[in-house]
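*Asks:* dropping a prediction and its sequence here:
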Amino acid sequence: MHEWSLAEAVINSLIRLAEDRGATAFEEVEITHGEIMELDTLVFRTAFRELSKGTLVEGTRLVLKEEKAKFKCNNCGAEWDFETVEKILSEEFSVIEEPSGTKESALHFLPNLAPALLKCPSCKSRDFDLASGKGLRISKVVMRT
Ligand SMILES: [Zn+2]
């Protein structure tokens, strides 16, 4: 349940921020989470609400924004998105055939492995970066003093 530890980390950062700036409460907090994390926003919201009880973060309006993943090749400079990754992987790694006859992409079971399996769609280099769409950060806060 990494949503709970992420929520806890966010709340702790907010409390520190409030102390630094002399704020007494937050009106709104905007969190940007990368597509690649596949954050369960419902669980995250619950964790945030529960863990903030009794702190000055309690009652803050939580806005969650997903950031699309973007990959960038260090060799040729090509950029591509997560949908392209899914397409490449389903073409390159044969689909898993279930006894029922339905086919599932390997990526469906191994989403976290996708970046490790990937090559640049343009030059086939494995030297690339995930330029955006990873991690989680506090992108905006509205404080009350
Ligand atoms: Zn390339």
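*Replies:* All right, it came through fine.

*Asks:* counting contacts, what elements does the helix or strand that residue 130 is a member of pack onto?
*Replies:* Assigned by DSSP states H and E, residue 130 falls within strand 128-132. Secondary-structure packing of strand 128-132 (3 or more Cβ pairs under 8 Å, 6 or more residues apart in numbering; DSSP states H and E): strand 70-73. Glycine gets a C-beta too; all of them are placed from N, C-alpha and C.

*Asks:* got the buried residues for the strand it packs on?
*Replies:* Under the neighbour-count criterion of 16 or more other Cβ atoms under 10 Å, strand 70-73 has 70, 71, 73 buried.

*Asks:* about what we covered before: would the strand holding residue 130 count as contacting the ion?
*Replies:* No: Strand 128-132 does not reach the ion (Cβ under 5 Å from the ion); its nearest approach is 6.9 Å.

*Asks:* direction included, what does that strand pair up with?
*Replies:* strand 70-73 (antiparallel) (DSSP bridges).

*Asks:* paired strands for the next helix-or-strand element following the strand it pairs with, with orientation please.
*Replies:* Scanning forward in sequence from strand 70-73 by DSSP H and E, the next helix or strand is strand 79-81. According to DSSP bridges, strand 79-81 has the following sheet partners: strand 70-73 (antiparallel).

*Asks:* give the other helices and strands that the helix of greatest length in the chain contacts.
*Replies:* Longest helix in the chain by number of residues (criterion: DSSP state H): helix 2-21. Contact partners of helix 2-21 among helices and strands, from 3+ Cβ pairs under 8 Å, 6+ apart: strand 25-34, helix 41-51, strand 136-144.

*Asks:* next, the angle from the second one to helix 2-21.
*Replies:* Pointing back at helix 41-51 there. If you take axes from the mean of the first three to the mean of the last three Cα atoms, to 10 degrees, helix 41-51 sits at 50 degrees to helix 2-21.

*Asks:* report all helices and strands that helix 41-51 contacts.
*Replies:* Using 3+ Cβ pairs under 8 Å, 6+ apart, helix 41-51 sits against helix 2-21, strand 25-34, strand 61-67.
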